[in-house]
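Visitor: Build me a model:
(2 chains)
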Amino acid sequence: MSVTLEQIEHLHRRFKQISGDQPTIRKESFDRIPDLEFNPIRSKIVRAFFDKRNLRQAPDGLADEINFEDFLTIMSYFRPIEMNMDEEQLDHFRKEKLKCETSQETPAQGSPVFEGGLHRHPAPPALSLIPYICILFHMYDSDNDGKITLQEYRKVVEELLSRNPHLEKESARSIADGAMMEAASICVGQMEPDQVYEGITFEDFLKMWQGIDIDTKMHVRFLNMEPIAHCH
Amino acid sequence: MGCRCPRLPAGPLVLLLAWLLEPGAVSAVSEAAMGTASPDPGSSGTLQPPSGTPLEETRLHVFTLDYPHVQIPFEITLWILLASLAKIGFHLYYKLPSIVPESCLLILVGLLLGGIIFGAEEKSPPAMKSDVFFLYLLPPIVLDAGYFMPTRLFFENFGTIFWYAVVGTLWNSIGIGLSLFGICQIEIFGLTDITLLQSLLFGSLISAVDPVAVLAVFENIHVNEQLYILVFGESLLNDAITVVLYNLFKTFCQMRTIETIDVFAGIAKFFVVGIGGVLIGIFLGFVAAFTTRFTHKIRVIEPLFVFLYSYLSYITAEMFHLSGIMAITACAMTMNKYVEENVSQKSYTTIKYFMKMLSSVSETLIFIFMGVSTVGKNHEWNWAFVSFTLLFCLIWRALGVFVLTQIINVFRTIPLTFKDQFIIAYGGLRGAICFSLVFLLPVAVIPRKKLFITATIVVIFFTVFIQGITIRPLVEFLDVKRSNKKQPAVGEEIYNRFFDHVKTGIEDVCGHWGHNFWKDKFKKFDNKFLRRLLIRENQPKSSIVSLYKKLEIKHAIEMAESGMISTVPSSASLNDYLEDKVMPLSPAEMDNMREILTKNLYQIRHRTMSYNRHSLAADASEKQAKEILIRRRHSLRESVKKTRSLSRDRLAVTKATRFLSLPKDAKLPEKLRIRNKTSFRVGGADSSDSELELPTTVLNLKPRARKILQDQSQQQPQQQFRMEWRNEVNGDHDGRVDRRVMDNEAQASRGFRQPLLSRPRFGTVSEENLTEDVRSTRPKPPPRIVRWASEAERHKNTSQNQPY
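Guide: Next comes the predicted model:
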């Protein structure tokens, strides 16, 4: 973990604030963060903390409560990139990538999309970003079948737009549909007329990242974090 | 005064025409022409007046020519025309712009013209007046840059940009100034009369990275956005510091004694100039946004406000000797978002085009004038000074970027790599700003102005030509990450928004007030107050939605341009699948129609250019990408539909009749179709129910359609469908929509289908379509033409009300 000791201390303080000095955090504990309340994808973020895939505990399921170590694990997904990673760290990332892929590949075994997908080699974004993408993928893929289906995608878009009272569900849907089509067009080359695009797999998800300057956009800074923990 | 009239006109006109046609063989003509244009009446004999009848003074003039009356606008028009024609010329040979940046070519044209003028008149051609440059030519370019600035990227990198712009420019100015002063102390070069302040002044003007030159070069090489914004942002922001330094040293040069207080005043002035400019810009930007709130009754002048207010900000700032560039940039960036929502779509397009056009024209003029002004007698060559200036410019720039990056990298989340640093250093192009500033130098204070001019021109030419031409191969060689400028994708926008929220959320969780935190706070403030105040129909809009709408509008516009204007308020959008209930045509019919459409539409559409953010020329690859995307969309629709609604065996049955399963090569019409589909919804028209109201004049396919319909419904086994539909019922089924659809369906069927089919069968078909509509996927609507046909049918039926 490339989180420094200082950061860990800070996070620990924060952890205690959220948990109310308990050893574990439950879902309700996140209610104590007032700013999070307005986040349209609050539930997804909170869920990510309890997702066992992210906690690297199990390929599936939700944890009821997490301890500080788990909290750190989740947080470490968002650490800034290390430019000069040594071999050991690179190794670590590779393993993580494997983990991430296997964790969502297992249920997707035998999926036709995967069979067809082997021959195209996406140049994945920087290796160090994989964990981050991984956690995002898990946020999208709520039923953990290794694919972001249209339903899941729609739900995400609906949530994103949920703060907007003037927007109808319909338009959220159509936007999701449009995005899904884009995804299909990016990920599957020329589609056969009766070919089916079932959902965005992790590989496809990675592929989409090539278009986006991911490393310039990701990552929350922990560095020189000021201890302004605001918990009312 | 009749007699003076006919003598004058031919001169410049003939000259210009001759230049345009055949620059080589022009000297004789031009000399003759210049002769006539000279004020000496004796020389008028060389050229016959082309026409005109000099009459008695008191008489009525049937035909008069009064060139002086129109001289200034006439010449300006000719210059602009010439510049634009030159631009066209470069693009005749398609490879040229990709090898040599346009700016270089324009300078070359300018040099040529300057040479001709110089040869013809034996005196220096008119130099570009600094006033003209700063007051008229520069603002449009900066406005364009500011208005289309990727705001988000800019603010994400703001710290770095600011760092480079302020500290970097200071570093360069002082570094170059001091080291040049050192060189001047060496007696052998004969430069000992240049004082320290003079060399500092020169250093300050030569270190200004020029936004115009940077834009001209970087727009074409497509480095990644972050790099682009760093170089370009720096060139915009360093205006403030350049202006201050320049004025400061100029004043110092004129002063006898300099006290410490003056230095501090200079430092204070920097803040005043920069921040003052920004404040003026922001203020006028808000005023502009507020004004457009009320323009919905007079749409025509909407675009004008954007230009007026931004120009006002520029000249106001200049009036107070603040940074005009900063002001206009701030103004444009402020108003952009709000104006965009207030003005109509047409006005928005007008603004965009007009802005691009203005900036393109000024850019062209600037480079041509730079070339023209170069030729002349105002030069003094000194090998030592010129080459050392160039050397120091390069060295200090490289050093500055390197050192400053080491420092800023500590604070950046994403550090800049060595390659990035190299490109940033290499992209430090000098341009018209240096050029104008050096011409502005007062000769009284700077006796060796000519030397400075020469050195500046050499530096500019070196950076624009050598660096400008080599930067592209270098970028390729170094394998710098390029931007994959593609179609703005809805998906991407969704991801970006998703991240924003995730990042903000995580920052909230870990209690850290970072960049995202403040961004979030600003957004809330923006939504709460600013938007309410500045936007007429205040609806908190999501960037996803607006992008989506924009894309759809774009499709709609393209479609309209292609001549496919239909009065159909199409059910365009993806979520409107009412079209599905229209009857399909046989492949033969489709082929027929396809042929018609191909012949009539495809070509036209290809000829019309699509709007391009960076240049107005159509970009072939982008267009292709778009087409591919559209095609994919189509195929996805098909596949989605199939997964959800068709089992394999049924697929086989329907393949023959359903247009969903058109042969793969059916590309053109598909494209057109999809285009149609994704188009018109946006305009706010609630298209879902408006299907029935349109007139159509397209094709009368009635008899065929009827036949096919019959065929199809006979082919489809009823049982199968039912089961499938039931299996697929899912949760998010909207009852309201359902009813509406059903009503619609019923209506439609009353109009058209009922007489045609026996009851039970019709029921089946209807249900199929209906279920399909309501099921969430709503896969693939059929071609518009088909619908038209059926609608035509429907209309006919309803009006005649006769059974067949």
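Visitor: For the helix or strand hosting B:Ser359, which helices and strands make contact with it?
Guide: If you go by DSSP states H and E, B:Ser359 is part of helix B:345-374. With contacts defined as 3 or more Cβ pairs under 8 Å, 6 or more residues apart in numbering or on different chains; DSSP states H and E, helix B:345-374 has these neighbours: helix B:67-92, helix B:102-121, helix B:138-147, helix B:211-221, helix B:302-319, helix B:432-440, helix B:449-461. The C-beta positions use only the backbone N, C-alpha and C, and glycine is treated the same way.
Visitor: Out of those helices, flag the one nearest B:Gly182.
Guide: helix B:449-461 (15.5 Å; Cβ to Cβ).
Visitor: The helix or strand following the closest one vs helix B:211-221, what angle?
Guide: Moving toward the C-terminus from helix B:449-461, the next helix or strand (DSSP H and E) is helix B:468-478. For helix B:468-478 against helix B:211-221, the angle by axes from the mean of the first three to the mean of the last three Cα atoms, to 10 degrees is 40 degrees.
Visitor: Following helix B:468-478 in sequence, what is the next regular element?
Guide: That would be, after helix B:468-478 and using DSSP H and E, helix B:490-509.
Visitor: ok, back up a step: quick one: buried residues of the helix holding B:Ser359?
Guide: With burial defined by 16 or more other Cβ atoms under 10 Å in any protein chain shown, the residues of helix B:345-374 counted as buried are B:345, B:347-348, B:350-352, B:354-356, B:358-374.
Visitor: can you pull the buried residues of the next helix or strand after it?
Guide: Past helix B:345-374, further along toward the C-terminus, the next helix or strand under DSSP H and E is helix B:383-411. Judged by neighbour count using 16+ other Cβ under 10 Å, the buried positions of helix B:383-411 are B:385-386, B:388-390, B:392-394, B:396-398, B:400-401, B:404-405, B:408.
Visitor: average pLDDT for helix B:383-411?
Guide: Taken as a whole, helix B:383-411 carries a mean pLDDT of 90.
Visitor: and it, what does it pack onto?
Guide: helix B:158-163, helix B:169-184, helix B:196-206, helix B:418-426, helix B:449-461.
Visitor: Could you say which of those helices is packed most deeply?
Guide: Most buried of the helices and strands packed on helix B:383-411 by mean neighbour count (mean count of other Cβ atoms under 10 Å in any protein chain shown) is helix B:196-206; its value is a mean of 25.
Visitor: for that helix, packing partners?
Guide: Helix B:196-206 packs on helix B:169-184, helix B:225-254, helix B:383-411, helix B:432-440, helix B:449-461, going by 3+ Cβ pairs under 8 Å, 6+ apart.
Visitor: How much space separates the residue lying closest to B:Lys250 once chain neighbours are set aside from chain A?
Guide: Of all residues not flanking B:Lys250 in the chain, B:Leu201 sits nearest, at 6.0 Å (Cβ to Cβ, 6 or more residues apart in numbering or on different chains). Noted for B:Leu201: a distance of 38 Å to chain A, by Cβ to the nearest Cβ, to the nearest Å.
Visitor: Might you report the residue contacts of B:Leu201?
Guide: B:177, B:246, B:249-250, B:252-253, B:441, B:446 (Cβ atoms under 8 Å, 6 or more residues apart in numbering or on different chains).
Visitor: Among the residues you listed, which one lies nearest to chain A?
Guide: Top of the list for closeness to chain A, among the contacts of B:Leu201 and by Cβ to the nearest Cβ, is B:Tyr246 at 33.8 Å.
Visitor: where does the stretch 551-700 of chain B dip in pLDDT?
Guide: For the stretch 551-700 of chain B, the stretches flagged by pLDDT under 70 are B:551-552, B:554-700.
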